[in-house]
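Q: Below is the structure, and that's it, no one-letter string:
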């Protein structure tokens, strides 16, 4: 019992935000007379916010190292857009090669910024502020201030395409691939949980009581199934959803289960102690920014494909969306605390707020006010609850 | 009736969670004298001065402070400053980028209605600098003058506040001889002008040079006060007062099984990273055998931590030279990782800021230095990690809710056990333990000693750094004495006494080898 209390006390923020997300969703579902959760809008919500999810994953990693943020990602998104536009539209380069080059350039941008931050130890805030100006300038220079479009259809499909219907008609009007993926996902999830529980029991660890375990499995399986049915009811699985799903799983695994992932948390918790425990903290910090550069390139491709244009003004304020998502999702501004899933929930909170208010016809002025207050109160709640527990 | 005491502190008792820092301490300072307060590290000198200057406000201790015949209640440092008590701490409280003049009047600006009068600031500063004998332009920034001069600026600052009682905490600890000499002469001059001062120092030669009376503090109690015109004051007399406690059974028994030499540090020299011209470690030589606990005694700032950290993967210092030899083979260690791979471990003296990830749980803190042991292809085996953490939690008797509790929520003793667990898990042959019992209560200390003994019995070589002499004498098989970056003495357990070690340190500090002052 003590253990459970302690667990909840320490994870209150994440569960708190998940509950808040559910309430916000219910609230807008009612206010919009059910429009928020119609299958088409759910799909749109994912497509609209794809770039935030991708950026928030990278930003979580940099924030974990010690509250370091990356202000340049919005400009990098635009710059990668300009690269794609120039290569694909102007120079007629093959889309596959262009994508590879775009990601390679993201990598180089990461190396550039990571070098100054991790090895010269210039504060990340300053290096990426410089990057924000630098890459915006380069974007405008490359595009000569003009928007270029349209992209070929293959490229657009990255953000607007869906997986093909493999067994058309197998589930009536529902998209079969989405349903099948849902079933497979649920089965894998259940097998994983049952196996894990068995091995925990074998090792004599504390395990969740059986009813609670069953409840958890039923709730999450139901959620996966319901979600896949929802997507199936519209056009099936968006390509970008698959990309984001893979990224979330891969990075959650990386942060939770791998040695370098553990280094991120330890360094953010106490860099001196990390160094004295044999961790090369410069390398960890460098990696975080290289990774951010690559993910910013992925986000840049996704956003450009959705916009179907390379524009000098694209990606404006994206860095702020990503940073806000992380902090709303429970990341500590000092580093060492935060999860990928938490930041995704944070991004969803912002996304649902945006989408819900847009459906209601609320102007972007009010939307910004609401989002600003949500960010402030989410972090204030965190700070206050920690003070109380001291 | 007017007493001739400017200050009387009566029956001061101060408790910290788990420790009584001061027990019924009384201190009386005569008008116009220089009064020295001496004692070992951790004896309670600084605590007493912090009470006197209001750092620990009224109500957090019991007892009375009577200053100039009136009982005083200080809520903070400002209250004590207002009536003329000024303290100059070891770490100077100057702002490096501001000028000498600005620093002197910091918080006490020459200003009318918040508008600073710069002309008056600098002309007054000049006068004060003349008074303390510092020939510097008051416009010069603090960072551009030497530590000795900075010390004088601190005194000028105190004088600017019409100080009645000046407290100096180890003022000459980081000064060279000329600067120390100048400072002590200044104190004598100020005394002639009627200023009373309290001098806290380890340097007994300086004390016998300038002090009119000496109060000795030991284990939080005022043992005695010696007066220049009544008592015979010499080094031996003071040392006896400082260490003269009886050793009770505070250390677990152990029969050492000492094997062959396992680790040697040879001709080890290190320079300061802040000032590359300053040599911090000077040709140190240390040898440890298997199953042996070797102590390094010395005062704060002797260079013990710097020695340990420079050995441990060059975590400290510049221009490091010398040899490390382990089991007969020379090691070339440039990073902490390499040190760990060569089975050397170091536990820091400062577990909160350099040892633990306080927001991380026990489990993460225990496994971090040897994650390779519980992972394959960089993927951590969760279950193995839980097993390992549970094992060490039980083995070292770490009192916590479970292995998921945050390290920051544990008591000092249990935190230290987590740090030890981490390094035991890394399976080192050589463990360098830097002040492993600092800030830990007596019971937990005993447990830590027991763990250290077990490690030695397993054949590991232990280097034990401590500022507490009784502890070093209690658990070490051999003791090196370090002072001012040099190894100045070596005692086998049978020949080591507190007096002997203290004398060894004091002689090296005074630069006076015949032991008389």
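A: Okay, I see it. Remember, predicted model here, so these are calculated numbers, not experimental data. Numbering: from 1, shown residues only, chains lettered A, B, ... in the order given.

Q: Can you give me the buried ones in stretch A:129-136?
A: Burial within stretch A:129-136, assessed by neighbour count using 16 or more other CB atoms under 10 Å in any protein chain shown, is assigned to A:129, A:131, A:132, A:134, A:135, A:136. Just so you know, the C-beta spots here come from the backbone N, C-alpha and C atoms, and that holds for glycine as well.

Q: what about stretch B:57-74, average pLDDT?
A: Mean per-residue pLDDT for stretch B:57-74: 90.

Q: how long is it end to end?
A: 6 Å (CA to CA, to the nearest Å).

Q: related to what we said a few turns ago, among the buried residues of stretch A:129-136, which one sits closest to chain B?
A: Lowest distance from chain B to the buried residues of stretch A:129-136 (CB to the nearest CB) belongs to residue A:129, with 23.8 Å.

Q: what's around the residue nearest to that closest one when sequence neighbours are not counted, how many residues?
A: Spatial nearest neighbour of residue A:129, excluding adjacent residues (CB to CB, 6 or more residues apart in numbering or on different chains): residue A:71 at 5.1 Å. Residue A:71 has 19 neighbouring residues, counting by other CB atoms under 10 Å in any protein chain shown.

Q: Tell me the pLDDT of residue A:71.
A: Looking at residue A:71, its pLDDT reads 97.

Q: how about the buried residues of stretch A:129-136 in CSV, adding pLDDT?
A: Below are the buried residues of stretch A:129-136 laid out as CSV (pLDDT from 0 to 100):
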residue, pLDDT
A:129, 97
A:131, 97
A:132, 97
A:134, 97
A:135, 97
A:136, 97
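
Q: Just send the residues you listed back as CSV, with distance to residue A:257 too.
A: Formatted as CSV, these follow (distance: CB to CB, whole Å):
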residue, distance to residue A:257
A:129, 34
A:131, 31
A:132, 33
A:134, 36
A:135, 33
A:136, 37
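
Q: tally of neighbours for the closest residue to residue B:380 other than its chain neighbours?
A: The shortest distance from residue B:380 to any non-neighbouring residue, by CB to CB, 6+ apart, is to residue A:257 (5.5 Å). Counted with other CB under 10 Å, the neighbours of residue A:257 add up to 15.

Q: Would you confirm that residue A:257 contacts residue B:385?
A: No. Between residue A:257 and residue B:385 there is no contact under CB atoms under 8 Å: 10.0 Å.

Q: give me every residue that touches the residue nearest to residue A:129.
A: A:125, A:128, A:129, A:131, A:132, A:319 (CB atoms under 8 Å, 6 or more residues apart in numbering or on different chains).

Q: now, among the buried residues of stretch A:129-136, which is nearest to residue B:67?
A: Of all these, the one with the least separation from residue B:67 (CB to CB) is residue A:129, at 53.2 Å.

Q: measure the closest one to residue A:79 for me?
A: Applying CB to CB, to the nearest Å, the value for residue A:129 to residue A:79 is 15 Å.

Q: does the residue lying closest to residue B:89 once chain neighbours are set aside have beta-bridge partners, and which?
A: Nearest residue to residue B:89, sequence neighbours excluded (CB to CB, 6+ apart): residue B:169, at 5.3 Å. Judged by DSSP bridges, the bridge partners of residue B:169 are residue B:200.

Q: what's the neighbour count on residue B:169?
A: Per other CB under 10 Å, the neighbour tally for residue B:169 reads 20.

Q: pretty sure it is touching residue B:200, no?
A: Yes. Contact criterion CB under 8 Å: residue B:169 and residue B:200 qualify, at 4.8 Å.
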